[in-house]
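1. output the structure for:
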Amino acid sequence: MIHQKKNCLVSVIIPSYNCEGCINRAVLSVLNQTYKNIEIIIIRNGGHPLPKLPDDPRIRVIDLKENIGVSKARNLGVGEAKGEYIALLDADDYWVPEKLKIQMNIILRYDRDGVRPDICFTGRRLFYEKDNHIRKGGIIGCDKVVTYRRLLRSNQINCSSVVIARSLLLENAFPDGTDMHEDYAVWLSILREGGYAVGINRPLLYYRVSIGSKSGNKLRSAVMTYKVYRFIGLGLFESLLHMITYTYYGIKKYSNR
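-> Have a look, this model is predicted:
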């Protein structure tokens with residue numbers, strides 16, 4: 001774990017592919033953070049041109065002609081980032097104003113047996129959008145402390161809620177070219193080294209539910225989760241055992257929202 005200092009620069013990575021209808025909402029939610037020492041790196045991952053963005057020197061756009069995939073886009077953003085910490089945000093999600101300040105306070109101060117957290121994440125409120133109309137859904141909470149063994153049960157770390165040291169993402173890049181939950185693979189790879197993630201059980205993230213997303217199809221999502229277990233090196237039998245707990249906690253999570 002790196003040595004933390006107050007008011008660290010946080011680089012916010014926003015990949016965008018044909019998200020011209022919602023990316024300004026995401027960007028404004030970052031600019032409106034009460035934590036001000038930020039930079040925003042938008043990776044236009046091919047597709048439609050970006051709309052006019054807010055005029056703010058903290059915004060930087062990496063304009064790609066072709067879609068290189070979300071994993072490569074995030075890795076590119078991490079490589080270009082100047083911040084000591086990385087915050088990840090998908091272009092169709094957005095944050096409440098105090099999100100980063102709360103997380104950075106936790107990162108700087110939280111201590112578990114002399115060890116700082118590797119990952120800080122939050123709960124989320126679901127929302128549904130149709131014809132520019134937003135309907136709020138339920139809230140998905142999280143545990144205060146998540147270890148590797150706990151994370152194997154189910155992935156409660158939502159990518160758009162994560163703040164993490166840049167050095168960890170340089171060492172654990174998002175895997176590309178695999179039909180799986182690439183962010184889940186990264187969190188497991190990091191935590192199996194013995195660290196932990198700390199969760200803030202508050203809906204500091206607004207998460208857009210999309211039927212066409214990877215997690216929209218539950219059967220497909222289950223297959224992708226199984227591929228994560230195999231990717232990180234679990235055997236066939238152990239992977240199948242974890243799939244049982246994945247199914248149980250998945251049903252429990254969405255039945256309570």
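
2. contacts and neighbour counts: CA atoms only from here.
-> Fine.

3. tell me where the stretch 101-250 of the chain has helices.
-> Assigned by DSSP state H, counting those that start in this stretch, the stretch 101-250 of the chain shows helices spanning 148-153, 166-171, 182-191, 218-231, 236-255.

4. most tightly surrounded among these?
-> helix 182-191 (a mean of 20; mean count of other C-alpha atoms under 10 Å).

5. and that one, what does it pack against?
-> Packing partners of helix 182-191 (3 or more C-alpha pairs under 8 Å, 6 or more residues apart in numbering; DSSP states H and E): helix 148-153, helix 218-231.

6. avg pLDDT for it?
-> Across helix 182-191, the average pLDDT comes to 97.

7. out of the helices and strands packed on helix 182-191, which comes closest to residue 41?
-> helix 218-231 (27.4 Å; C-alpha to C-alpha).

8. give me the angle between the closest one and helix 182-191.
-> Computed by axes from the mean of the first three to the mean of the last three C-alpha atoms, to 10 degrees, the angle separating helix 218-231 from helix 182-191 equals 30 degrees.

9. ok, residues contacting helix 218-231?
-> 179-182, 184-185, 214-215, 236, 239-240, 243, 246-247 (C-alpha atoms under 8 Å, 6 or more residues apart in numbering).

10. what angle do that helix and helix 236-255 make?
-> 140 degrees.

11. and helix 218-231, average pLDDT?
-> 90.

12. over to stretch 14-29?
-> 96.

13. ditto for stretch 96-114
-> 95.

14. ends of that stretch, what's the gap?
-> One end of stretch 96-114 to the other measures 30 Å (C-alpha to C-alpha, to the nearest Å).

15. the strands in this protein, which residues?
-> 10-16, 38-45, 59-64, 85-88, 94-95, 119-130, 133-140, 145-146, 163-165, 197-208 (DSSP state E).

16. now tabulate the helices and strands packed on helix 182-191 in a markdown table and tack on distance to residue 96.
-> Listed next are the helices and strands packed on helix 182-191 as a markdown table, based on distance: least, C-alpha to C-alpha, whole Å:
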| stretch | distance to residue 96 |
| --- | --- |
| helix 148-153 | 25 |
| helix 218-231 | 27 |
